[in-house]
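Chemist: pasting the structure only:
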């Protein structure tokens, strides 16, 4: 499994892939910080906004990070789906299985490598988001003393943890659709179509569905449960159950389905 972990990091370290992925992550994080402070003036986005006063609280340090949680999840989904499905489309998976015939060990190593890569994406977004938040707070006269207090550091740690759970949850969905469809284009298209328009439309028509749809539950976790009808702990339990089911189906498909490419 460790050899599969190291082998998976080789394509992940390609300069073009790293620059593109982390460049997009930095742009998304910057967008979140800009929109958060613009919205604090009363110009809302997504129908909601925070005012300057809440930004000065300890939780204000993660406001801009929470604002981009769904976009970080999408990046995680795309990275995992492209990597796993790409092995099928490029025909490299057959060669990998010749070197590592134990399919589940191979899959575990690959998924651990992708999980660590997605974790780095979230940490990079956090660094950019926090740095820009301090810069914009200084320009707008928002006090940041509470951000550097113990309560602020605790809020930051909780925000990073919530962001990791959110991104990894989307990554599990990316792995599921990648093994199911075995095509990067199909996997990414279906994954994005589900978590964006489908869930948003369903929730808009029938609001209680938001307490059960996995994408909405991940958003509740990413935001610490604030503004959501479902409690943080309940959302975590339901996400865990969805994740276990997705992992089970994914491993069964990878283990027993014939290799055709």
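Modeler: Nice, thanks for sending it over. Please read these numbers as outputs of a predicted model, since none were measured by experiment.

Chemist: most distant residue from the centre of the protein?
Modeler: When distances are taken from the C-alpha mean of the chain, residue 98 lies farthest, 31.9 Å away, according to Cα atoms, centre = their mean.

Chemist: would you say it is within a helix?
Modeler: Yes. When DSSP: H, G, I helix; E, B strand; the rest coil is applied, residue 98 is found to be in a helix.

Chemist: what score does it have for pLDDT?
Modeler: We have a pLDDT of 85 for residue 98.

Chemist: same question for the one 3 residues further on.
Modeler: Residue 101 is assigned a predicted lDDT (pLDDT) of 86.

Chemist: so it, which of the three states?
Modeler: Classification of residue 101 using three-state DSSP returns coil.

Chemist: and the one 4 residues further on, by the same measure?
Modeler: At residue 105, secondary structure determined by three-state DSSP is helix.

Chemist: next, the contact list for the residue nearest to it when sequence neighbours are not counted, please.
Modeler: Nearest non-adjacent residue to residue 105, counting by Cβ to Cβ, 6 or more residues apart in numbering: residue 1, 4.6 Å away. All C-beta atoms are positioned from the backbone trio N, CA, C, and that covers glycine. Applying Cβ atoms under 8 Å, 6 or more residues apart in numbering to residue 1 gives the contacts 105, 106, 108, 109, 112.

Chemist: residue 159 against residue 224, yeah?
Modeler: Yes. Using Cβ atoms under 8 Å, residue 159 is in contact with residue 224, at 7.3 Å.

Chemist: now the helices for the protein?
Modeler: 2-12, 15-39, 52-55, 63-67, 69-89, 92-99, 103-140, 150-181, 184-193, 199-205, 214-222, 232-256 (DSSP state H).

Chemist: hey, least reliable of those helices by pLDDT?
Modeler: Looking at the helices of the chain, the bottom one is helix 52-55 with a mean of 71.

Chemist: residue 159 and residue 224: which is more packed in?
Modeler: Counted by other Cβ atoms under 10 Å, residue 159 and residue 224 do not tie: residue 159 has more neighbours, with 23 against 17.

Chemist: mind listing what the more buried one touches?
Modeler: 61, 62, 65, 66, 126, 224.

Chemist: show me which of those are buried.
Modeler: With burial judged by 16 or more other Cβ atoms under 10 Å, the buried subset of the contacts of residue 159 is 61, 62, 65, 66, 126, 224.

Chemist: need the overlap of contacts for residue 159 and residue 224.
Modeler: residue 66.

Chemist: nearest residue to residue 57 in space, please, no chain neighbours.
Modeler: Using Cβ to Cβ, 6+ apart, the closest residue to residue 57 is residue 146 (5.6 Å).

Chemist: isn't that neighbour right next to residue 58, touching?
Modeler: Yes. Residue 146 lies in contact with residue 58 (Cβ under 8 Å); the separation is 4.6 Å.
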